[in-house]
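Colleague: Predicted model and sequence follow; I will ask about them next.
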Amino acid sequence: MIGHGHGSLPRRSFLQLGLIGLGSTLLSGQVRGVDRPGIRPPKAKNVLVIFEQGGVSQMDTFDPKPEAVAEHRSPFATIDTVVPGIRFTELLSKTAKIADKLTIVRCMHQPTPGIGNSHPKGSRYIFSGEAPGGPVDMPDLGSILALRSGSSCRYLPPYILIPGNSEQAAESKSGFLPSGFSAFKTGGKDLSSPDWRVSNLDLIGGIDARRFRDRADLLSQLDLGLATLGSNPSRQVEAMSSFVGQAQDMLSNPLTRRAFDLTTESDATRDRYGRGHRGQCYLLSRKLIEAGVKVVTVDVREPMTDKTPGGSNMNWDHHDFIYSKESTAIKNGGPGAGRYGIGTWPMMGSTDQAFSALISDMDERGLLAETLVCFVTEFGRTPKINERQGRDHWTSSFSFAFAGAGVPGGQVVGETDKDGGYIISEMAYTIEDYAASVFDKLGLDRTNPLHTPDNRPINIAAKGKSIPELF
């Protein structure tokens, strides 16, 4: 038992409070140094990352190449957007209507050897903004922001991953930071299901709200054994105190459950995003940003249901039959087996609807002005179609899209050759540059290093430079 008084909570119940995933505002400190030379004034209060994992084909989406040789050209027509001179493919017909709110960076590349053939390493690269394989395991961008910037919302974790149950979600890590700064994962195979709920948000059986509040001071019942741990016990005790406080808020505040409750949205809004899993994940990300969550990352793919016969692991890894009009079920197997073709509804159809709805909805609600939205993928696809009628991994060029928080709308940054394979513009940006841009948009002082448990200083986005066109 923890403590000795009547009604004390059992140790198992203490653990069930779900402290893992809750950030600490007491440890975060303040955002400092934003008025120093070289540090940009913050424009963002929150960041929303749409991580479409698997390697989205750049020439089939944001960087059309109608002049590519016929045998390797995308079959999808190039269309105008609302911005004269900016063109997408027809797979982004809805996103084309909000191009005036987007900056498209067509000159992303991934120069670090050994990552291009690895989805786990590529995903780790996106989550952390650092090429994996360095001397320390770097924390996620969201973990660093949870530590340094904290959150204005006491009843929700500062860093949330939706849904956080794909095979690449394991690449989201707190690194050398305490596990309390890990992403809180919502879970859920299909968020469009009427019975979807985030688990473990209710009080433990047998403890009502009054009793929970009366017995809420858990830290004072621990005999303060934490004070003997580690080289900096006061920080650990302070951290635990903050974690407990946030756990209490999360478990006892009805606003917590409401923030995750998609049924509070109107039918029109849910239809606007799309009633499938992807659309509802994007909608949930808006709800959480609106509630005040500092960092939300969406890593989503449509699940196997009766709506997707033959489908499995439907990310963007289209090694086989990328232009199939249904699932790419292959009799003899293959690295792309089970995915639907890029032009189908479970793939770019649902993505185009959800992304355009998200940007428009956030703009209408006034959220876009202070939220940096990043549409990212770990690499692109080869400019040549392979013998299996698919496109393989490609790190020499791919596209990201950005919106909000002062990002200029209606612009394209960078240029690739006529096949979409190589960058031909002077500007070329890396994932480290993307990470530096996120930190700078939120006013984080990158000259102030993090420290490992053995007090080793680690610079933040040390190899990156902000993408100037985003400011």
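Modeller: Here it is on my side, so go on.

Colleague: show me the contacts for residue 84.
Modeller: Residue 84 makes contact with no residue, according to CB atoms under 8 Å, 6 or more residues apart in numbering. (Each C-beta comes from the backbone N, C-alpha and C, glycine too.)

Colleague: In the chain, what helix or strand scores lowest on average pLDDT?
Modeller: The helix or strand of the chain with the poorest confidence is helix 11-15; it has a mean of 36 (mean pLDDT, DSSP states H and E).

Colleague: elements contacting the helix or strand harbouring residue 120?
Modeller: Applying DSSP states H and E as the criterion places residue 120 in helix 119-128. When contacts are defined as 3 or more CB pairs under 8 Å, 6 or more residues apart in numbering; DSSP states H and E, helix 119-128 sits against strand 46-51, helix 141-149, helix 431-441.

Colleague: List the buried residues in it.
Modeller: 119, 121, 122, 123, 124, 125, 126, 127, 128 (16 or more other CB atoms under 10 Å).

Colleague: Show me the strands in the stretch 1-150 of the chain, by range?
Modeller: All strands of the stretch 1-150 of the chain, identified by DSSP state E, counting those that start in this stretch, fall at 46-51, 78-80, 87-89, 103-108.

Colleague: Likewise for the stretch 301-450 of the chain?
Modeller: For the stretch 301-450 of the chain, applying DSSP E, counting those that start in this stretch gives strands covering 371-376, 380-381, 393-394, 398-403, 411-413, 450-451.

Colleague: go on, the stretch 151-300 of the chain?
Modeller: 159-163, 184-185, 295-299.

Colleague: For the last one, which strands pair with it and how are they oriented?
Modeller: Sheet partners assigned to strand 295-299 using DSSP bridges are listed as strand 46-51 (parallel), strand 159-163 (parallel).

Colleague: re the thing from before, widest-spaced pair of the buried residues of helix 119-128?
Modeller: Across the buried residues of helix 119-128, the longest distance by CB to CB is 14.8 Å; it joins 119 and 128.

Colleague: Show the contacting residues for the closest residue to residue 347 other than its chain neighbours.
Modeller: If the residues on either side of it in the chain are set aside, residue 347 comes closest to residue 340, at 5.3 Å by CB to CB, 6 or more residues apart in numbering. Neighbouring residues of residue 340 by CB under 8 Å, 6+ apart: 302, 308, 311, 314, 324, 326, 327, 328, 346, 347.

Colleague: Tell me the spacing between the most centrally placed residue in the chain and residue 310.
Modeller: Closest to where the C-alpha atoms of the chain average out (CA atoms, centre = their mean) is residue 297, at 2.2 Å. As judged by CB to CB, to the nearest Å, residue 297 and residue 310 stand 29 Å apart.

Colleague: hmm, back to that, need the buried residues of helix 119-128 in JSON lines (columns: distance to residue 454).
Modeller: What follows is the buried residues of helix 119-128, written out as JSON lines (distance: CB to CB, whole Å):
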{"residue": "119", "distance to residue 454": "31"}
{"residue": "121", "distance to residue 454": "25"}
{"residue": "122", "distance to residue 454": "29"}
{"residue": "123", "distance to residue 454": "27"}
{"residue": "124", "distance to residue 454": "22"}
{"residue": "125", "distance to residue 454": "25"}
{"residue": "126", "distance to residue 454": "27"}
{"residue": "127", "distance to residue 454": "23"}
{"residue": "128", "distance to residue 454": "20"}
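
Colleague: From residue 140, how far off is the residue lying closest to residue 120 once chain neighbours are set aside?
Modeller: With CB to CB, 6+ apart as the criterion, residue 120 has its nearest non-adjacent residue at 5.5 Å, and that residue is residue 171. Counting by CB to CB, the gap from residue 171 to residue 140 is 9 Å.

Colleague: Overlap in contacts, those two.
Modeller: Common neighbours of residue 171 and residue 140, using CB under 8 Å, 6+ apart, are residue 127.

Colleague: residues contacting residue 425?
Modeller: Listed by CB under 8 Å, 6+ apart, the contact partners of residue 425 are 107, 414, 415, 416.

Colleague: what about the third one, how many neighbours?
Modeller: In other words, residue 415. Residues contacting residue 415 under the criterion other CB atoms under 10 Å number 14.

Colleague: Can you pull out the low-pLDDT segments for the stretch 251-400 of the chain?
Modeller: In the predicted model of the stretch 251-400 of the chain, residues 251-252, 329-332 satisfy pLDDT under 70.

Colleague: what about the helices in it?
Modeller: 254-259, 267-273, 277-291, 350-364 (DSSP state H, counting those that start in this stretch).

Colleague: Report the contact partners of residue 109.
Modeller: The contact partners of residue 109, taken as CB under 8 Å, 6+ apart, are 395, 396, 397, 398, 423, 428, 429, 430.

Colleague: which residues touch the third one?
Modeller: I take that to be residue 397. Taking CB under 8 Å, 6+ apart, one finds 58, 63, 106, 107, 108, 109, 380, 416, 420, 421, 422, 423 in contact with residue 397.

Colleague: gap between it and residue 469?
Modeller: Residue 397 is 16 Å from residue 469, by CB to CB.

Colleague: OK, contacts around the closest residue to residue 467 other than its chain neighbours?
Modeller: The shortest distance from residue 467 to any non-neighbouring residue, by CB to CB, 6+ apart, is to residue 437 (4.8 Å). Counting by CB under 8 Å, 6+ apart, residue 437 touches 464, 466, 467, 470, 471.

Colleague: Closest one of those residues to residue 261?
Modeller: Looking across the contacts of residue 437 and measuring by CB to CB, the closest to residue 261 is residue 470, at 33.5 Å.

Colleague: Distance check, residue 162 against residue 191.
Modeller: Distance, residue 162 to residue 191, by CB to CB: 8 Å.

Colleague: Counting neighbours, go ahead and name the busier of those two.
Modeller: The neighbour comparison of residue 162 against residue 191 (other CB under 10 Å) goes to residue 162, with 28 against 23.

Colleague: Run through the bridge partners of the more buried one.
Modeller: Under the criterion used (DSSP bridges), residue 162 bridges to residue 298.

Colleague: okay, now the closest residue to residue 175 other than its chain neighbours: neighbour count?
Modeller: Closest residue to residue 175 apart from its sequence neighbours, by CB to CB, 6+ apart: residue 139 at 3.6 Å. Residues lying near residue 139 (other CB under 10 Å) number 28.
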